[in-house]
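Participant: Could you work out the structure for the sequence below:
(one chain, ligands or ions: 1)
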Amino acid sequence: MPQIEANGTTLNYELSGPSGAPVVVFSNSLGTSLAMWDPLVPHLRGRYRVLRYDTRGHGASRVRDERAEVEDLAEDLIGLLDALDIPRAHVVGLSLGGMTGQAAASRHPDRVISLTLMATAAFMPSEASWNERAETVRAKGTAAIVEATMGRWFTPGFPDTAPDAVAPVREQFVDTDAAGYAVCCNAIGRMDLRPVLNRIIAPTLVIAGRDDPATPPAMAEEICAGIPQAELVVLPKAAHLLAVEQPAAAAAHLLGFLDRHRETVDAATGAVPFASGLANRKSVLGDAHVERSLKAAGDFAGPWQDFITRTAWGEVWGDPRIPWKTRSFVTLAMMVALGREEEFKLHIRPALRNGVTPSELQALLIQTAIYAGVPAANGAFRWAREVLGEELA
Ligand SMILES: O=C(O)CC1=CCC(=O)O1
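Facilitator: Numbers count the residues shown, from 1 in each chain. As a prediction, this is how the structure comes out:
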């Protein structure tokens, strides 16, 4: 993943989605990385340009063992937008990421189109307890507090029912640099954003987990009371890491809110530069496949590769009116109807990356039997099995 200098530090980030679409920037929580958004971002793919980054001291961003405030984290976020030449963005943050979002929106109201705050607080006492946690982690590493942390992040029983969702988060936590974590704990202990909430003019969506012991709904209510244009949603069956525990519900609220505050007028994008089409193509089909195709094309098929990259991937997949998940459904259905095995197989994994679940894939293929015929659907079930194998139940 690329790294960039922002606000005097080095941030690891990932930017994907149609070049003409509005940017949504995601800021992660304490002890996670940009990967914490994996279950949620597929819901936005294609309709929005998704920018994720690792908060300083987390993931692959630089660790700076020096005092920092939540306001510094906000300047990192704005510095990242500057470095990527993004004038305005929708800002989404969870917990520490939401604190960063509040600070960014209050300090730079002109840069924030909308603000979504998940499982977060404007003030989180006590400073002494945060300093104590920082000292524990400095002495023993994050592994020493992983059990207690997972207990706050997920409702009881969730880790047993969804081990595949919890395992990567647990891994991110124990991999977090002790100093990177401790610096942010100290910053949270000193933070008090309550006096600046009224400077936030961006429309704001606050999402709380009903069963969150770390930042309970009362803290979300306190934020809503301070921000002039804030609305509150309390998600049932969700603890602190609600974007991992309830990604579909969180994404549905987020998407509805973003769509209501979409600034740009959607339109067919017209002629699109090759580079934009290439970025979309790689984002959907994967770097390896695209680089292989371009290399194999040679002089004869080179112009053809250029054409499909600009048109199919730049103009069509780059048109943000239809989310990539929907485009994946439509593409797969057409490939079944036309009996195009190679292209169907090519699009199966990208469809999963775009948020299609195996259960939805099953429902789609059953529907193709109605409109394209039983033999077509029969073949498609076999092709899906050939590509995904054991991943399908
Ligand atoms: O560490 C926790 O469980 C709660 C928390 C506070 C800030 C954050 O990002 O997570």
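Participant: Which positions in stretch 333-353 come out as buried?
Facilitator: 333, 335-336, 344-353 (16 or more other CB atoms under 10 Å). In short, each C-beta sits where N, CA and C put it, glycine included.
Participant: for these, which one is nearest residue 195?
Facilitator: Distance to residue 195 across those (CB to CB) is lowest for residue 353, with 42.5 Å.
Participant: Enumerate every residue touching the closest residue to the closest one other than its chain neighbours.
Facilitator: Among residues not flanking residue 353 along the chain, residue 42 sits closest, at 6.6 Å (CB to CB, 6 or more residues apart in numbering). The contact partners of residue 42, by CB atoms under 8 Å, 6 or more residues apart in numbering, come to 325, 353, 354, 355.
Participant: Take these and lay them out in a markdown table including distance to the ligand and pLDDT.
Facilitator: Formatted as a markdown table, the contacts of residue 42 follow (distance: CB to the nearest ligand atom, whole Å; pLDDT from 0 to 100):
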| residue | distance to the ligand | pLDDT |
| --- | --- | --- |
| 325 | 28 | 93 |
| 353 | 27 | 91 |
| 354 | 28 | 92 |
| 355 | 25 | 90 |
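Participant: Show me what from the stretch 51-200 of the chain comes close to the ligand.
Facilitator: Contact residues, the stretch 51-200 of the chain versus the ligand (CB under 6 Å from any ligand atom): 95, 96, 149, 152, 188.
Participant: got those residues as CSV, with secondary structure, neighbour count and pLDDT columns?
Facilitator: Converted to CSV, those look like this (DSSP: H, G, I helix; E, B strand; the rest coil; neighbours: other CB atoms under 10 Å; pLDDT from 0 to 100):
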residue, secondary structure, neighbour count, pLDDT
95, coil, 29, 98
96, helix, 26, 98
149, helix, 21, 98
152, helix, 13, 97
188, helix, 21, 98
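Participant: if we can go back for a sec, which two of the contacts of residue 42 have the greatest separation?
Facilitator: Maximum pairwise distance among these (CB to CB): 9.6 Å, between 325 and 353.
Participant: Need the residues touching each of those two.
Facilitator: Jointly contacting residue 325 and residue 353 under the rule CB under 8 Å, 6+ apart are 42, 45.
Participant: What's the local residue count around residue 319?
Facilitator: A total of 19 residues lie near residue 319 under the criterion other CB atoms under 10 Å.
Participant: And the strands in this protein, which stretches?
Facilitator: For the chain, the strands defined by DSSP state E occupy 3-6, 9-16, 23-27, 49-53, 89-94, 112-118, 204-209, 230-235.
Participant: in the second one, what's buried?
Facilitator: It refers to strand 9-16. 9, 11, 12, 13, 14, 15, 16.
Participant: List the residues that contact the first one.
Facilitator: Going by CB under 8 Å, 6+ apart, residue 9 touches 56, 61, 62, 64, 76, 79.
Participant: mind giving me the domain ranges of the protein?
Facilitator: Here the domain parsing of the chain from the TED database is 3-261, 274-388.
Participant: List the contacts of the residue sitting furthest away from the middle of the chain.
Facilitator: Here the centre of the chain is the reference, and by CA atoms, centre = their mean the most remote residue is residue 300, at 39.3 Å. Not one residue lies near residue 300 by CB under 8 Å, 6+ apart.
Participant: could I get the longest helix along the chain in PDB with only the CA atoms?
Facilitator: Longest helix of the chain, by residue count under DSSP state H: helix 287-308. Output of helix 287-308 as PDB, limited to C-alpha atoms (Å, rounded to 0.1, in the frame of the first residue of the first chain):
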ATOM      1  CA  ASP A 287      -3.400  -5.600 -10.000                       C
ATOM      2  CA  ALA A 288      -2.000  -9.000 -11.100                       C
ATOM      3  CA  HIS A 289      -4.700  -9.800 -13.700                       C
ATOM      4  CA  VAL A 290      -4.600  -6.300 -15.200                       C
ATOM      5  CA  GLU A 291      -0.800  -6.100 -15.400                       C
ATOM      6  CA  ARG A 292      -0.800  -9.600 -17.000                       C
ATOM      7  CA  SER A 293      -3.400  -8.600 -19.600                       C
ATOM      8  CA  LEU A 294      -1.600  -5.400 -20.500                       C
ATOM      9  CA  LYS A 295       1.800  -7.200 -20.800                       C
ATOM     10  CA  ALA A 296       0.300 -10.000 -22.900                       C
ATOM     11  CA  ALA A 297      -1.400  -7.600 -25.300                       C
ATOM     12  CA  GLY A 298       1.700  -6.700 -27.400                       C
ATOM     13  CA  ASP A 299       1.400  -4.200 -30.300                       C
ATOM     14  CA  PHE A 300      -1.500  -5.900 -32.000                       C
ATOM     15  CA  ALA A 301      -3.900  -6.100 -29.000                       C
ATOM     16  CA  GLY A 302      -2.500  -3.000 -27.200                       C
ATOM     17  CA  PRO A 303      -5.000  -0.600 -28.700                       C
ATOM     18  CA  TRP A 304      -7.800  -3.000 -27.700                       C
ATOM     19  CA  GLN A 305      -6.500  -3.000 -24.000                       C
ATOM     20  CA  ASP A 306      -6.400   0.800 -24.200                       C
ATOM     21  CA  PHE A 307      -9.900   1.000 -25.500                       C
ATOM     22  CA  ILE A 308     -11.500  -1.300 -22.800                       C
END
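Participant: Name the residues of it that come out as buried.
Facilitator: 290, 293, 294, 305.
Participant: With stretch 121-130 instead?
Facilitator: Going by neighbour count (16+ other CB under 10 Å), the buried part of stretch 121-130 is 121, 122, 124, 130.
Participant: Would you check that residue 329 makes contact with residue 367?
Facilitator: No - shown here, residue 329 and residue 367 do not form a contact pair, counting by CB atoms under 8 Å, at 9.5 Å.
Participant: The two: which is more packed in?
Facilitator: Using other CB under 10 Å, the more surrounded residue of residue 329 and residue 367 is residue 329, with 20 against 14.
Participant: need the contact list for that one.
Facilitator: 351, 356, 360, 364.
Participant: Check residue 48 too.
Facilitator: Going by CB under 8 Å, 6+ apart, residue 48 touches 17, 21, 22, 23, 24, 90, 258, 320.
Participant: Give me the nearest residue to it, chain neighbours excluded.
Facilitator: With CB to CB, 6+ apart, the residue lying closest to residue 48 is residue 24, at 4.7 Å.
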